[in-house]
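> can you look at this prediction? I've put the sequence above it.
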Amino acid sequence: DMFCDLKQVIQMCLLLEQEEAAEDRDGTEEEHIKAARRKILDGCDDLTRAWYKRTFEYVTEHTPYLRTLIGRRKKREELTQLIGEMWNMINHTHSEDASRLKSHMGSYAAPNPDKELIRPPITDDSKNRAQMGFNHIQLGKMLCPAKYLANYIKDPHGYV
């Protein structure tokens, strides 16, 4: 998952590793440490745990140096900086990908793109956002949460 919170993935996987190591030990772990870990991990079902593990393995496989920083107190600041740089690159990539789709948004957002695109059309003019989002009559319907949709359709300009 390219848009995951790397810090959270790392923290959860460290907790999962600690849990597995504690099961292998003879029960010498302090009870309050066990309870704190359980409190966090009990909120994760097996599918979520598997996702965290898969994501962690993928990230550490593709960034081996990151694995050498994890769990080392002296390297905590470097790890935080590296995660921040990775997060910035992820956000930049996400932004770049989304901006390239903008000119095609009309055909993706149209209910029947073969018959008619949305009106007014979405243009490539990135400076003019006055008719975007909730200000656009058709896009506003798609953005509006379902429980408010009926009210929005009755009065789109008054409801926003």
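Cool, the structure landed.

> CA only for contacts and neighbour counts going forward, please
Noted.

> now do the helices in this protein.
6-24, 31-41, 46-62, 64-69, 76-101, 105-109, 137-143, 149-154, 156-159 (DSSP state H).

> weakest of the ones you listed in terms of mean pLDDT?
Note on the helices of the chain: helix 105-109 shows the lowest mean pLDDT, a mean of 61.

> pull the contacting residues for Gly71.
With contact set as Cα atoms under 8 Å, 6 or more residues apart in numbering, Gly71 has these partners: Leu14.

> turn the helices of the chain into a markdown table, columns for mean neighbour count.
Output for the helices of the chain, formatted as a markdown table (neighbours: other Cα atoms under 10 Å):
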| stretch | mean neighbour count |
| --- | --- |
| helix 6-24 | 15 |
| helix 31-41 | 12 |
| helix 46-62 | 15 |
| helix 64-69 | 14 |
| helix 76-101 | 13 |
| helix 105-109 | 17 |
| helix 137-143 | 17 |
| helix 149-154 | 14 |
| helix 156-159 | 13 |
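
> please report how far Ala35 lies from Leu79.
27 Å (Cα to Cα, to the nearest Å).

> swap that for Lys154, sorry
Counting by Cα to Cα - Lys154 and Leu79 are separated by 52 Å.

> ok, now Thr63?
12 Å.

> give me every residue that touches Lys7.
Lys7 neighbours (Cα under 8 Å, 6+ apart): Ile83.

> start the count at 326 instead of 1 going forward.
Okay, using 326 as the starting number, the last item reads as Lys332.
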